[in-house]
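Colleague: This is the structure alone, sequence omitted:
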């Protein structure tokens, strides 16, 4: 499916400038203009897919191997001490462009980027949400 208004489809179609770092038949990776650290890239399926929930299995089967290749290259190029992989899904999840994309963020000790500090769940709360999730399959 094509979406003429999608920013990432325009990058895929070379209608907008970008710094492409990897491309294969099914995926494209380019540097983001809002990096956590230098080398922060986005990997998109070439097939327009809004988000993780709407992606078909074939699209997802191509996305993870491309993500691994890009993560390996970014790690080597930036001498990253680690990598954070992320998918922001839905507006409340932080998704700003509604074309499925995976963030590959090179990480360094004390780079200041933090996740979910200070939160801890009780065993009872974990049990309750685990039961709800298991019932949702």
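Modeller: Everything's here; your move. This structure is a prediction, so every number in the text was calculated from the model and none was measured.
Colleague: where does the residue lying farthest from the centre of the chain fall, phi/psi-wise?
Modeller: Taking CA atoms, centre = their mean, the residue of the chain most remote from its mean C-alpha position is residue 124, at 31.4 Å. Dihedral angles of residue 124 (phi, psi; degrees, to the nearest 10) stand at phi -60, psi -40.
Colleague: What residues does it make contact with?
Modeller: Contacts for residue 124 (CB atoms under 8 Å, 6 or more residues apart in numbering) come out as none. For every residue, glycine as well, the C-beta is placed using N, CA and C.
Colleague: Spell out the secondary structure type for residue 67.
Modeller: With DSSP: H, G, I helix; E, B strand; the rest coil as the basis, residue 67 sits in helix.
Colleague: What's the separation between it and residue 31?
Modeller: Residue 67 sits 15 Å away from residue 31 when distances are taken as CB to CB, to the nearest Å.
Colleague: Which one's more surrounded, the two?
Modeller: residue 67 (21 against 15; other CB atoms under 10 Å).
Colleague: Pretty sure that one sits against residue 101.
Modeller: No: counting by CB atoms under 8 Å, residue 67 does not reach residue 101; the two are 10.2 Å apart.
Colleague: List the residues that are in contact with both of these two.
Modeller: The contact sets of residue 67 and residue 101 overlap at residue 43 (CB under 8 Å, 6+ apart).
Colleague: in the protein, which helix or strand is least confident?
Modeller: The helix or strand of the chain with the lowest confidence, counting by mean pLDDT, DSSP states H and E, is helix 123-135 at a mean of 94.
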